[in-house]
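Chemist: need coordinates for the following:
(4 chains)
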4 protein chains.
Amino acid sequence: MQRISMLGSGFIGRFYADSLQGQRSRDKIVSIYSRREESAQKFAADYQVAHWTTDMEASIAHPDVDVVCIALPNNLHEAAVLLCCKHKKGVICTKPLGRNAAEAKRMLEAVEKAGIFNGYLEDLVYTPKFLKALDSVKNGALGRILWAKSRETHPGPHSEWFWDKEQAGGGCMLDLGCHCVEIARSFIGKDIKPVEVMCWADTQVKPIDAEDHAIGLVKYENGAIGQFEVSWTFRGGLDLRDEVMGTEGTIWINNFLRTGFDMFTTGKGADYVAEKAESNSGWLFPVGDELNDLGYNHMFTDMFAAMEQQRAPQETFYDGYVVNAILDAAYRSAASKLWEPVKLEIWRGRENVGKDVTQQEYDSQYYLVKEEMTHYGTKKVILKDKVSGQIIEKVID
Amino acid sequence: MQRISMLGSGFIGRFYADSLQGQRSRDKIVSIYSRREESAQKFAADYQVAHWTTDMEASIAHPDVDVVCIALPNNLHEAAVLLCCKHKKGVICTKPLGRNAAEAKRMLEAVEKAGIFNGYLEDLVYTPKFLKALDSVKNGALGRILWAKSRETHPGPHSEWFWDKEQAGGGCMLDLGCHCVEIARSFIGKDIKPVEVMCWADTQVKPIDAEDHAIGLVKYENGAIGQFEVSWTFRGGLDLRDEVMGTEGTIWINNFLRTGFDMFTTGKGADYVAEKAESNSGWLFPVGDELNDLGYNHMFTDMFAAMEQQRAPQETFYDGYVVNAILDAAYRSAASKLWEPVKLEIWRGRENVGKDVTQQEYDSQYYLVKEEMTHYGTKKVILKDKVSGQIIEKVID
Amino acid sequence: MQRISMLGSGFIGRFYADSLQGQRSRDKIVSIYSRREESAQKFAADYQVAHWTTDMEASIAHPDVDVVCIALPNNLHEAAVLLCCKHKKGVICTKPLGRNAAEAKRMLEAVEKAGIFNGYLEDLVYTPKFLKALDSVKNGALGRILWAKSRETHPGPHSEWFWDKEQAGGGCMLDLGCHCVEIARSFIGKDIKPVEVMCWADTQVKPIDAEDHAIGLVKYENGAIGQFEVSWTFRGGLDLRDEVMGTEGTIWINNFLRTGFDMFTTGKGADYVAEKAESNSGWLFPVGDELNDLGYNHMFTDMFAAMEQQRAPQETFYDGYVVNAILDAAYRSAASKLWEPVKLEIWRGRENVGKDVTQQEYDSQYYLVKEEMTHYGTKKVILKDKVSGQIIEKVID
Amino acid sequence: MQRISMLGSGFIGRFYADSLQGQRSRDKIVSIYSRREESAQKFAADYQVAHWTTDMEASIAHPDVDVVCIALPNNLHEAAVLLCCKHKKGVICTKPLGRNAAEAKRMLEAVEKAGIFNGYLEDLVYTPKFLKALDSVKNGALGRILWAKSRETHPGPHSEWFWDKEQAGGGCMLDLGCHCVEIARSFIGKDIKPVEVMCWADTQVKPIDAEDHAIGLVKYENGAIGQFEVSWTFRGGLDLRDEVMGTEGTIWINNFLRTGFDMFTTGKGADYVAEKAESNSGWLFPVGDELNDLGYNHMFTDMFAAMEQQRAPQETFYDGYVVNAILDAAYRSAASKLWEPVKLEIWRGRENVGKDVTQQEYDSQYYLVKEEMTHYGTKKVILKDKVSGQIIEKVID
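Modeler: Predicted structure coming up:
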């Protein structure tokens, strides 16, 4: 059993609480901190939390608390982490870890110096589909990974602080891109170094200073490409899709808008249908179980199991730092219009992993380019001469 | 916390155990009974169960046990239930409850007489999609329900006893139809009386005595129709779909083969992909989280919450009995080729619920049949004269 | 080149004309008959038709006309066919052929006696998906066909005469069921005799005399089952799906609502989106090319190619007659609640085709029931003793 | 009626011929040129072509020929076009028009100087889904277009010359990217100037000199972004998808692998299933009508209707030239790693179209950022102060 201090009583804090105390959980939120007294009280009542406070340190330091869950706006993460270090409480922090890599690095170094448990709450690498897909990738079902794309777009976040660049640290690229970057990185291999980033970002629609739409390419040392597509201008709900290409296979994941649940209604009986749905009538696409399908359940299971087994969870502050470093490069690239290097002062993966292109032998003279069945029922091969480089075609029967 | 005796260590017992002890569960299997010693021992080792036995009564009577979970072949349910009554242990029993309504009725009467907690483990009315769909239906998003269809087909069950009519009590209709009947009944309303059944069943492919394919219609007192389509001859995996039509809307649920997770693989790295998948290469359609997506987690949550709150769970032995009574009528119909009455000696729902057809008023002279936009951009109405019954068409602009 | 007399200028006549004169067609409508002068004139103007008339016989007898296309309400088919016979003009007639088998049989006998070309315009067995699926079935990709289901449901037809039982001859079962019956019959084999029908039909919603919802099972002599699901009460658009199960495979066709074209719109720029769509905003599912996707193009190609090659088209009046005979049995069954025999006074297919169940040999002692991979990576077989009938399970490594 | 000289008898020439002479077409191929005599003869026999030759000019100059259809490898387009100019024959040319913009520009200038009809055979902007989507976009259903992505990936082309950089002019980016670029450009507006391109391209798998995988972003003068994703390394078939985001809506088109036609087969009856399918067993996803679904029919209809009506077709050599110019910039960008300008010496669209961002007025003090329904059933707005830029949140009831 884990006894949790929850910092933050907003949208994400409530999602976390629903998961933490859902179903037959043995874990319990024992203290809630909110900046506003009425929010803290309401949260405490809704989730049967014994202790509420508007003093962050009081919650963290509370003697019943084993672990602190940070569900605050981005600009408050660092201060909260430092208090956890001070009081030697394990800490798990929502995404992104920092507003930038410098902030994230300070947090990483602080928790490691303090020797406290640290987990990075990147829920979208804990969705059941992602976990099963990752297993398949690790088992080799897709061969060598060539490209991994993650897309998260919706009509914009719920709370006002997201729209304020100072508090948030950025726009949709930081808010959503942090998910996409870690998803692609996980498929490509977390031990493979991200080397450079090219990014386009723009404020196309919203009256804000930060970007509301961005697309980026992350090049890894082994030649694989990660891609993110993020936006706060999408119409139609929450679009959350991943795609992976490998030499031996393909994965397509749709986490939200098309999951095998279609509903048409003329609009009678309208109420809350799904996270970020835009309508209560016509064709709607609810998900069955948002908490599970968005990864919260498996994420907290991993976090607490890791604490109890004294191992690192799948996602640590180190991962949060790498993600911030990649996004920093993306922001620099959006401004400079150049491929910008990923600056990783701390790197714990492999070094100098080359591009692994293997020419497929056909016979002593040729490499195989492609084999195929024609319309006409014959089999043919396209071959490349090893010496001259000439491409030829040969029918086989 | 609930301490469970598990009766049966086969396929379904293990699925249950994975759910019962999964994630951050506070519940625990404390005794395992299996007919075979090595199975009992292996189960005990795999799930850290303190007590194992080949004596069913010893497991049920074990002092640490709060509740007994029956995961045995159909022909052994009744004996197990009676032992639970004897030892006053709460009991939850896998589907179908009985091999027929007479058996189910005896079990129902026994548990009620003994005053013990009873739950019917019909997992497919606990899938997250089903639960959300049912909420929408109850909120009126679909209006009056006209028809609810559930389909479960796959290439046949895993264990040998399913294929033996004596142990199983029937073929695919009993094995799979029990799910489908309860799904449709839930959408239509569990307080609406099922009145008669028409069913076709045949042994089309398999060398067995029982049916391997069946289709049935269940007529409810209010005119709504439940439909089941079940087979052990389906090729391509596990097809698990529900459809509902109401006067104001439609629901389509796909629980398994098309849930937004597509994988193509040439076949390297082949291993277990999904429950009842037929291949390890080509296009595959895994589900993310079988335990959650098939309803096990929400089912056990409801069962144990009900025990703790001293209320009935969503599904009780009474529901299992009604399902058996409907399937008995289906078996009679398959033989007689007639619509057969559902014989319910115990009925706790509403009586004499009429068909609720409301003519939609257009004006003093006409009922509205249909309103529509033509290709040509004009709006027209089709009307029925209240007195003469004549149908006319009228363009409106 | 074919020169066509079109009888009827309504919804279906216009669809036909769009196809007949679409793209680079060499064919031409040379005469249009409509009951209403303004409709005939408008149609002539819209489609550049040289001759228009309100006298049906004048159109049929017109010297430029090679072939007559009947696009009239059901109650007018027979009279039109007889006029074609009189004037020895080839005739193609929309679906259903008759209001009942007696009417259809008279039309069949008349055209055969007159020796004129006759085609039955059952477009839905000419959709590109259906044609390709049928090829696969004929090539054996699905093995022996066990079951074929076709579903057509929508919110009701466009023209007033459909809602009048006298003119239409029935409700949704005749209007939509004629498609579904011929689709299933084609998959099962048009030379296999349909023997009996069980049907449920009801008027659940609409203020009409005819049925607005029906479900039927058609049993074929070889044990295969055809199934139709039809309704005028469906909400959400035009649902047009086929499913086929065979011993070696499965086919799922979605002809309309989910074809790989999804559009979300807030509703600006609203206009005609798709045949029977119910909304102009939210998520919409248009089809690319209604004329082609609904089979009109391939249907007319087959009809005219058949005329020119002096062969029968894929669908003749004989097929229309068989469909009417099956639907007659369905109407009788809905009334009698019994399986009703299909009364075919004319039958040109095979006779006495038995049920072809082959027990799969495993070894000298056993039949194979099922082979499978377990979770645990072992392969097992379920076997049936040829003599005792006992079912056993055997693990193989 | 059009009488066609077909230059090239390979894969694409045959696809074209199937469309040109398909269904009830009034058009006819009257001469076939192939480099190899046996190919020319076989094509002539298969398609009933009166004249065949291995002399390109003889085919073009043939007196029966109205229009020349170029279906040759990329390096032969220019010579063929010049011969059409010499003989004043209308010309339609397969994609890409040139191997680069210089070649395309010479072809464009030649046909315009010669005053001959010219059409660019970019089939994928003629697919029925694309045409309907484009109509919706033009009607404003999506509002202002922000982003349009097109993706075409498959396991590699059929003929050997594609794999030879000299003949082909490039790899998958030229072969497939030409489609994607024109699709995105059409959605964004063909009168909007493409200004610069950022592109990543690599040879990840195949033993060739050209790229086998590329991703690019095309920035348009009005701030909209076109995106292409192309590869010859994809596993699983032919992936052909478009996505469009606008301020008022979204479009998703799947042209090939998921179009509502699913087939599972154990592999009996295996034969040709679909263009670029990788398997004949397991789950397969055929398309109904490749010729129509890939746009060939509507493309030729537009081409010949344009000739007959003496108007330009939807796609002309000018469009082919613009596409080549964009792809030239993409190749330069892949090498330089910079955003490269699109060099358009000929530009016939609008100039200086600015970015059209409109702040949405909320009241005199605020702009509206977002409006939404919360979980809790209240409506709230997020607003930006017009003067201070401060973001606030306000609950409305």
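Chemist: please count neighbours and contacts with C-alpha atoms only from this point.
Modeler: Will do.
Chemist: number of nearby residues for the nearest residue to residue A:287 once chain neighbours are set aside?
Modeler: Leaving out its chain neighbours, the residue that sits closest to residue A:287 by Cα to Cα, 6 or more residues apart in numbering or on different chains is residue A:256, at 6.2 Å. Close neighbours of residue A:256, defined as other Cα atoms under 10 Å in any protein chain shown, add up to 24.
Chemist: which residues touch residue A:256?
Modeler: By Cα atoms under 8 Å, 6 or more residues apart in numbering or on different chains, the contact list for residue A:256 reads A:238-241, A:285-287.
Chemist: among the residues you listed, which are in helices?
Modeler: Per DSSP state H, helices hold no members of the contacts of residue A:256.
Chemist: so which of those is the closest to chain D?
Modeler: If you rank the contacts of residue A:256 by distance to chain D using Cα to the nearest Cα, residue A:239 comes first, at 10.8 Å.
Chemist: partners of that closest one in the sheet?
Modeler: Beta-bridge pairing of residue A:239 under DSSP bridges involves residue A:153.
Chemist: so it sits right up against residue A:156, yeah?
Modeler: No. Applying Cα atoms under 8 Å as the test, residue A:239 and residue A:156 come out as separate, 11.6 Å apart.
Chemist: those two: who's more crowded?
Modeler: Taking other Cα under 10 Å, residue A:239 and residue A:156 do not tie; residue A:156 has more neighbours (24 against 20).
Chemist: show me the contacts for the more buried one.
Modeler: By Cα under 8 Å, 6+ apart, the residues touching residue A:156 are A:231-233, D:370.
Chemist: buried residues in stretch A:382-391?
Modeler: Burial within stretch A:382-391, assessed by neighbour count using 16 or more other Cα atoms under 10 Å in any protein chain shown, is assigned to A:382-386, A:391.
Chemist: farthest pair in those?
Modeler: By the measure Cα to Cα, A:382 and A:386 form the most distant pair in those, at 12.9 Å.
Chemist: show me what residue A:93 is bridged to.
Modeler: Here residue A:93, judged by DSSP bridges, has bridge partners residue A:70, residue A:120.
Chemist: for it, give me its contacts.
Modeler: With Cα under 8 Å, 6+ apart, residue A:93 has these contacts: A:69-71, A:77, A:118-121.
Chemist: ranges for the strands of the stretch 151-300 of chain A?
Modeler: Along the stretch 151-300 of chain A, the stretches classed as strands by DSSP state E, counting those that start in this stretch are A:194-202, A:213-220, A:225-231, A:239-246, A:249-254, A:261-265, A:282-284.
Chemist: so which of these is the most surrounded?
Modeler: strand A:225-231 (a mean of 26; mean count of other Cα atoms under 10 Å in any protein chain shown).
Chemist: what strands flank that one, and is each parallel or antiparallel?
Modeler: strand A:145-153 (parallel), strand A:213-220 (antiparallel).
Chemist: near chain C, which residues of the stretch 101-250 of chain A show up?
Modeler: Proximity of the stretch 101-250 of chain A to chain C (Cα under 8 Å from any Cα of the partner chain) is limited to residues A:235-236.
Chemist: backbone dihedrals for residue A:384, both of them.
Modeler: phi -120, psi 130 (degrees, to the nearest 10).
Chemist: and the residue of the stretch 51-200 of chain A found nearest chain C, what pLDDT?
Modeler: Going by Cα to the nearest Cα, chain C is nearest to residue A:155 of the stretch 51-200 of chain A, at 12.3 Å. We note a pLDDT of 92 for residue A:155 in this prediction.
Chemist: what does the one 10 residues further on give?
Modeler: Here, the pLDDT recorded for residue A:165 equals 87.
Chemist: about what we covered before: using JSON lines, lay out the contacts of residue A:93 together with neighbour count, distance to residue D:206 and pLDDT.
Modeler: Below are these laid out as JSON lines (neighbours: other Cα atoms under 10 Å in any protein chain shown; distance: Cα to Cα, whole Å; pLDDT from 0 to 100):
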{"residue": "A:69", "neighbour count": "27", "distance to residue D:206": "48", "pLDDT": "98"}
{"residue": "A:70", "neighbour count": "27", "distance to residue D:206": "47", "pLDDT": "98"}
{"residue": "A:71", "neighbour count": "26", "distance to residue D:206": "47", "pLDDT": "98"}
{"residue": "A:77", "neighbour count": "23", "distance to residue D:206": "47", "pLDDT": "98"}
{"residue": "A:118", "neighbour count": "28", "distance to residue D:206": "43", "pLDDT": "98"}
{"residue": "A:119", "neighbour count": "29", "distance to residue D:206": "41", "pLDDT": "98"}
{"residue": "A:120", "neighbour count": "25", "distance to residue D:206": "39", "pLDDT": "98"}
{"residue": "A:121", "neighbour count": "28", "distance to residue D:206": "39", "pLDDT": "98"}
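Chemist: next, count neighbours for residue A:50.
Modeler: The burial count for residue A:50: 11, using other Cα under 10 Å.
Chemist: list the residues that contact it.
Modeler: Here residue A:50 is in contact with A:30-31, A:44 (Cα under 8 Å, 6+ apart).
Chemist: quick one: which of these has the most company?
Modeler: residue A:31 (26 neighbours).
Chemist: now it: phi and psi?
Modeler: With angles defined as degrees, to the nearest 10, residue A:31 sits at phi -150, psi 140.
Chemist: how far away is it from chain B?
Modeler: Computed as Cα to the nearest Cα, to the nearest Å, the residue A:31 to chain B distance reads 20 Å.
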